[in-house]
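Novice: the amino acid sequence is not available; the structure is as follows:
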């Protein structure tokens, strides 16, 4: 059955891709123009697609329109940034006011102070600093953890992504031939250009596995400054922590004088009002937030315990010309206080359950080996019958089914993330009708796929 589905998926993918490229000549022309001045024709390698990506012209509410004029319901939502939806009136008003009164001073403003207060209240932090991206947030948090502990080594989770700075660019998406043994995950670099010596300072453990961390700490605990992880892994679809896992991590680390850092770049402001820390009931020593917290503007923050953040007062460098500038602060305040309220998360939970339940039913009725995950504004379909426990489970999913579903959805007006490791992101501007339209096309896909 699996072999037949994979074969059928390849046939569907070929036909749907031909149709997608026929519908997007403007994107092809834009790519040919862009590639002359940008590697791969995009501003970030994550945006690239073969033979070219679909270039977007504008967005409004729950929809986007590409450069060819094709309109889509947006379930991509900027890799998780646009939980507010596009051009939300409250966020637009805040940005317009900042544009009229000054977007940047490289000096502290009241908006910066207010944004810090909002972040601390919402996510349970005592002290925060601002930066401009998730990469900068995780980079800064790790530096502060090293400074606070006086240690140099860090631990990360196998198959997780924390931005593109050197210490965390190991074991991000290793293939089965590069991951090492189950008892000894390999520290494999994701990128060229990373000094080999960096691997000596980064240690890798599996998700949902306390015993391997326990063994590592027993051997080298006095060298390790911190462990950084996504409390719910979102580099492999969605993989949730098992009961007791996150608290177990914190307890083990503290026994050895090390710190716990939550990378909530994706989960903060998407999976719950207070992020994963609230949803799973564990408060880390430091956390990183970006993407959804700033309403589609390029802002981020990190923070946590005041005594740990005090390392900045004592020489840990953390700076940036645009950090906490009034434009980003205004957008962030409006996003977190006027749009993404607690009531908004009740609504997101409702439509998220509607979407995941519909997808699960479509797969079940058509014998498609997959499962759907429902997690607030985030969710996904993973083509593996049972939920993921770690990265190695993700390697057992069937990417051919995703590669058929992507152009199928795009050709039916559903804008999706390019890559089977990604998820859908819902916005407060999505409606029940939007959700039903997604489910309808997905059900049709499953019916067609099963017709072997």
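Specialist: Sure thing, it's come through. Predicted, not measured: the structure shown is a model, and the values here were computed from it.

Novice: not counting sequence-adjacent ones, nearest residue to residue 78?
Specialist: residue 296 (6.3 Å; CB to CB, 6 or more residues apart in numbering). Just so you know, the C-beta spots here come from the backbone N, C-alpha and C atoms, and that holds for glycine as well.

Novice: give me the distance between the one you found and residue 408.
Specialist: Distance of residue 296 to residue 408, computed by CB to CB, to the nearest Å: 27 Å.

Novice: equivalent analysis for residue 249, please.
Specialist: The value you get for residue 249 to residue 408, if CB to CB is used, is 39 Å.

Novice: quick revisit: OK, contacts around the residue nearest to residue 78?
Specialist: Contact analysis of residue 296 by CB atoms under 8 Å, 6 or more residues apart in numbering lists 78, 81-82, 84, 86, 91, 331.

Novice: same question, residue 303
Specialist: Residue 303 makes contact with 119-120, 125-129, 286-287, 309, according to CB under 8 Å, 6+ apart.

Novice: secondary structure class for it?
Specialist: Here residue 303 is recorded as strand under DSSP: H, G, I helix; E, B strand; the rest coil.

Novice: for residue 226, same thing?
Specialist: Going by three-state DSSP, the state assigned to residue 226 is strand.

Novice: over to residue 156?
Specialist: Applying three-state DSSP: residue 156 is strand.

Novice: for the helix or strand where residue 100 lies, list every residue counted as buried.
Specialist: Here residue 100, judged by DSSP states H and E, is contained in helix 89-101. For helix 89-101, burial by neighbour count (16 or more other CB atoms under 10 Å) applies to 91, 94-95, 98.

Novice: ok, of those, which one's closest to residue 281?
Specialist: Proximity of the buried residues of helix 89-101 to residue 281 (CB to CB) peaks at residue 91, which lies at 29.9 Å.

Novice: test my guess that the closest one contacts residue 331.
Specialist: Yes - with contact defined as CB atoms under 8 Å, residue 91 reaches residue 331; the gap is 5.6 Å.

Novice: joint contacts of the two?
Specialist: 295-296.

Novice: and the residue nearest to residue 249 when sequence neighbours are not counted, how far is that from residue 238?
Specialist: Closest residue to residue 249 apart from its sequence neighbours, by CB to CB, 6+ apart: residue 260 at 5.9 Å. Applying CB to CB, the value for residue 260 to residue 238 is 21 Å.

Novice: and residue 152, by the same measure?
Specialist: Remark: distance between residue 152 and residue 238 (CB to CB) = 32 Å.

Novice: one more: residue 283?
Specialist: 22 Å.

Novice: look at those two and report which has more neighbours.
Specialist: The neighbour comparison of residue 283 against residue 238 (other CB atoms under 10 Å) goes to residue 238, with 26 against 19.

Novice: tell me the contacts of that one?
Specialist: So residue 238 contacts 232, 373, 375, 378-380, 382, 388, 423 (CB under 8 Å, 6+ apart).

Novice: need the residues you listed in a markdown table with neighbour count, pLDDT and secondary structure, can you?
Specialist: Output for these, formatted as a markdown table (neighbours: other CB atoms under 10 Å; pLDDT from 0 to 100; DSSP: H, G, I helix; E, B strand; the rest coil):
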| residue | neighbour count | pLDDT | secondary structure |
| --- | --- | --- | --- |
| 232 | 24 | 98 | coil |
| 373 | 22 | 97 | strand |
| 375 | 22 | 97 | strand |
| 378 | 25 | 97 | strand |
| 379 | 25 | 97 | strand |
| 380 | 26 | 96 | strand |
| 382 | 27 | 96 | strand |
| 388 | 25 | 96 | coil |
| 423 | 27 | 89 | coil |
